[in-house]
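1. have a look; sequence and predicted model below, questions after that.
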Amino acid sequence: MIKASLRGLLQRKLRLSLAVFAIVLSVAFLSGSLVLSDTLNARFTALFSTINQNVSVVVQAKDPQAVEPARLTDAQLRALSEVDGVKAFSPDVSAQGVIPFRGTDGEPVSADAALGFGVDGKDDPLGLVELREGRWPTAEGEVAITAHTAELAKVKRGDQLKVYLPVLNEPRSFTVVGVAGYSGGRDSLAGEVVVMFQQAFAQQTFYGATGLYGGASFAAEDGVSDDVLKQRIVEQLPDGFKALTGQESSEEQSAQVGVLFDVFKYILIGFAVVAGVVGVFLIFNTFNIIVAQRTRELALLRALGAGWGQVAGSVLLEALIVSLVGATVGLAAGIGVAAAGEAAITSEVALPSAGLVVAPLTVILAYLLGVVVTLVAAFVPAVRASSVPPVAAMRDVVRPDKSLTALSIVGAVFALPGIGLVLLGAFADLGGTAFLVLLGGAVLVFIGALLLSPLLARPIVRGLGALIGRGSAGNLGVRNAARNPRRTAVTAAAIIIGVTVIGMTATVVQSFKTSLEDIMGENIGVEVMIQASVTAAPDGRQGFNPKALEQVRAIPGVKEAAAWHFDALGVSVAGQPQAFGIFATDVGQAARMFPIDATDGTIRTLAAQELVLDDNIAETLKLKAGDRTPVAIGGVTRDYTVVGVYQATPIIQGILVGEAAVADFPGPLAFQGFVSLNDGVDAAPVVERIETIMKDYPGVQVGDRQSYVDQATASYDFLLIAVQILLLVALVIALLGILNTLVLSIVERTRELGLVRAVGLSRSGLVWMVTVESVLITVFGVLLGLALGVGLGAAFTKALMTLEFATVIAIPWLELGQYLLAAVVAGVLAAVIPARMAARLNVLDAISYE
Amino acid sequence: MTTAAPPLIRQRVETSAARASQVWKVYGTGEAQVVALRGVDVELERGRFTAIMGPSGSGKSTLMHCLAGLDSVSRGQVFVGDTEVTGLNDAGLTRLRREKIGFIFQQFNLLPTLTAQENILLPLAIAGRKPDQEWFRTVIDTVGLGDRLGHRPNQLSGGQQQRVACARALVSRPEVVFADEPTGNLDSRSGAEVLGFLRRSVTEYGQTIVMVTHDAVAASYADRVIFLADGQIVAELTGPTPERVLDTLKSLDRPAQLGTEL
Ligand SMILES: Nc1ncnc2c1ncn2[C@@H]1O[C@H](COP(=O)(O)OP(=O)(O)O)[C@@H](O)[C@H]1O
Ligand SMILES: [Mg+2]
């Protein structure tokens, strides 16, 4: 039995290789993602181990992101340094976002990590940083920089260096008195930019007072283990601090950095999932057709005494072998993908290279994915194979097309409640739960549609065929596509899945964009936007100094300039945490620049301890004009009066307070600025002048209204592109599925092909016939997918409209047209090999083909 | 051959529907080499019903395939009407099949996706020609399928399917209809219906038909029977009866010929 199925496997290897390919893709994405993240993790662990090579124990604030992180005083530091077993120690005075400007053109040096340190004028007691030339800074106006920083900023010892200081909110000029490097002759550890200041200056600037430290690193005396020293230090540790061994610190830091690369990991895992789901259909189809073709052989085995279990087992065994081959190749390909990804990332962040990490778990998961996907897909075909009656060996047992009724009823059982839920989610005002309802409904509709797709295949394919299936060859192609609706539907399933997702995303994104453009275009008097870098901490510690707006107001043509502050850290209103934060601005001015309609109370410039909020939040918090409510900002809770409630719009929503509240914000910097112009003033030159003013605040962007829309939609566009790449993956697999189906159909219909050739169909006619069939299958899939995707996308948008996130449902016709076109191209491509196969058939051989 | 063809040859070209001249067909090479046709000369007259007979493996199908341009010859020439088939490329052969030839195979003559009527009209549809309604009616009436035209092949009996195949072969009025054991899979009554219909199309409408068969009764419907043995024409009968055909076959059925088959 096993031998028989192995032999069969070899004979069908060409056919099965497509199924293998689907597994390969899926497994490759999964294992690639895992290997990449493990490798990067190992890489960063190695990096931080270098940093901590002489460090036994690190003391640091428990919550470094806190508004007021804990600091060590001089006395506390001394106490720790006197702990028995400490050989050397190095205090930490540091800040992030300390950005130097290039000496040549005055532009900020772009670096992902830009750090400032305070140094005490002596060499690093832990021997990580080494002075290469000059000396350490000893006065306020002096700095030392690393060799890598010197190279990026294009300065050398003795030059002036302008450096942006995040807490002072402004750049200052310093004299470079020294250039340093790292032990082992390295210019940087990972491409970071480092400026070292005189310690007292750094403490004053970063922490607001001298004699404070962010933490410290300790080296143990010989014979004292890291753990023992940590234990001793913990006993002396002030509140708000934690102690880690060097090893623990390395692991924690590399895990934190690793999170930054998780997005790659999740994108690849997303691909793996799509490839896996789509692969199930491809494999299902392959095995189904193979079983159909092997009916005689299977019946013979049954006639010779094989039990149905053995027959089903032989199909599953075949599937298992296919999956193992696919998973092995996929794993190898995944390691290749990871190697490429790793090379790209490490070249970007200047990490030294090391080997790839292929964890046992990766290998196990890769094989598990391959095997599970294949066996799930092959299960139904295996059962079908086992139901072949032995008598089929002797004669053609006509297996009538199974009726689609049962399948369609099941489909309807899924689809109808699904549609109900989708409509409910879209139209009923359910607040946040609307999306859960919608999601549930969407999944049901989707499953229902896949089950109903065989029923839809025939009418849709015929309808389409009337358009493109002109001529007798085309007509034959149409009939072939409509001939076996199950096969057509299963083949198209991969496309339906991919296109539904993309259609939905595209519709939501388009609606968002159109809504935004609508509002921006019509109602607001804002011409120029100033925006803190998107990666800025949303708490007022990054952004621009609102004082800079005074210069902006002085620009001829500028009518008004408004600064908006934003804080999303630890803000709560009426005891409820506000994840979307709180805005501080001159609300009266905002009402002149944006359409803000009061639904309750008044919208005006606010005094201290007054707020206004949008109607959705007011409803959630059960607040109305005149109410008093506690508001916690920056760790301070005060009672605020609700002055007004306004209608939320996609542009303005949330809780607004007056500028007086900024004093409570963790930082004084403005997050956004809005500028209106006098009538007839051209925005372009104003934008340019504001850019010059904002140059001192690295990361702050200035743009006109359109660029604001573009920026606001950029993240949606990114989403759309990610989904489009996913679609591409699905399309490639779908294309293989169609190719697979067509090849199998051609083998099945060899005699028919011979016959039509014998009665005068030309080779090109045959090619056209196969192409029409292929294109019809793809276009069927795309149309169904687009209908589903646009429908669900519109429903999601409708729900978003209820929540004021959008104003219109916009259908992205252009994109939809492009997807349709891509499908036609894919259909034509998928037909190339099968059509050539068909055209090459010798007429006589084809007719006498058994 | 191009300009100054002798009158004799021209006359021959005009009267024959298909002609083979010194046709050799060799399959395979070396050890596995089989010579299926050994210098066959045959001429099939217009408006006549010719049967090709012979023991199994004698080359009947090969000869027919070569005449119809379905298979290439190793040596020699084949003409259908005044077209030389040997040397035509695929496009030329396609055109030949569209315009001059009709086929009836032993089985699997019809496309399962098409109705009987669509199957009958398929060659015309492929050639992009309009059917001659009157002729179509005549053909349908002759094969007696009037009420079955909307059915698909799997709803028709074997005999009905073969009659649909006959109608399809005739509807485009080809120069020659080639039929390879058209009744081979039918019971004798359905076979007789099909043969009777072929006979009528020759007698009443002047169709030229070439039929391969190993059945003496089937051969007796023809005007002329050509006997093949071991790839050569070894005998010929005109105005055959089943008895005379059987006698001729018996005289040819010698053990020596069986040997060459193996
Ligand atoms: N495609 C082929 N390849 C090799 N030998 C063939 C092929 N077709 C036919 N033959 C051989 O040629 C001879 C004649 O075959 P065929 O014309 O089919 O005989 P008939 O139709 O009279 O039974 C036989 O010996 C057969 O084995
Ligand atoms: Mg034969």
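-> Noted; the coordinates are in hand. Note that the structure is predicted; figures quoted are calculated from it, not measured. Ligands and ions are numbered 1, 2, ... in the order given.

2. make it CA atoms for all contacts and neighbour counts henceforth
-> Noted.

3. now do the phi/psi pair for A:Trp564.
-> A:Trp564 adopts backbone torsions of phi -120, psi 130, taken as degrees, to the nearest 10.

4. one more: the one 5 residues further on?
-> Dihedral angles of A:Leu569 (phi, psi; degrees, to the nearest 10) stand at phi -100, psi 110.

5. burial of it, as a residue count?
-> 24 (other CA atoms under 10 Å in any protein chain shown).

6. is it correct that it is in contact with A:Ala632?
-> No. Applying CA atoms under 8 Å, one finds A:Leu569 not in contact with A:Ala632, separated by 10.1 Å.

7. just the buried residues of stretch A:602-622, please?
-> For stretch A:602-622, the neighbour count (16 or more other CA atoms under 10 Å in any protein chain shown) marks A:602-607, A:609-618 as buried.

8. and the contacts of it?
-> Residues outside stretch A:602-622 that contact it (CA atoms under 8 Å, 6 or more residues apart in numbering or on different chains): A:574, A:576, A:586-589, A:591, A:596-597, A:599, A:624, A:638-648, A:653-661, A:803.

9. how far out from the middle of the chain is that stretch?
-> Here stretch A:602-622 shows a centroid-to-chain-centroid distance of 34 Å under the convention CA atoms, centre = their mean, to the nearest Å.

10. helices along the stretch 51-200 of chain B, start to end?
-> For the stretch 51-200 of chain B, the helices defined by DSSP state H, counting those that start in this stretch cover B:60-67, B:90-99, B:116-127, B:133-143, B:158-171, B:188-205.

11. name the residues that touch the fourth one?
-> Under the criterion CA under 8 Å, 6+ apart, residues B:Gly146, B:Arg163, B:Val164, B:Cys166, B:Ala167, B:Leu170, B:Val171, B:Val194, B:Phe197 lie in contact with helix B:133-143.

12. enumerate every residue touching the first one.
-> Taking CA under 8 Å, 6+ apart as the definition of contact, the neighbours of B:Gly146 are B:Ile140.

13. mind running it again at 10 Å?
-> B:Gln117, B:Arg137, B:Val139, B:Ile140 (CA atoms under 10 Å, 6 or more residues apart in numbering or on different chains).

14. same question for the last one.
-> With contacts defined as CA under 10 Å, 6+ apart, B:Phe197 is in contact with B:Val139, B:Thr142, B:Val143, B:Gly144, B:Arg163, B:Cys166, B:Ala167, B:Gly191, B:Thr203.

15. quick check: the fourth one vs ligand 1, distance?
-> Yep, that's B:Gly144 we're talking about. Taking CA to the nearest ligand atom, to the nearest Å as the measure, B:Gly144 falls 30 Å from ligand 1.

16. how far off centre is the biggest helix by length in chain A?
-> Of all the segments of type helix in chain A, defined by DSSP state H, the longest one is helix A:705-748. Offset of helix A:705-748 from its chain centre (CA atoms, centre = their mean): 15 Å.

17. what's it packed up against?
-> helix A:13-51, helix A:262-293, helix A:485-522, strand A:528-531, strand A:701-704, helix A:750-758, helix A:763-802, helix A:813-840 (3 or more CA pairs under 10 Å, 6 or more residues apart in numbering or on different chains; DSSP states H and E).
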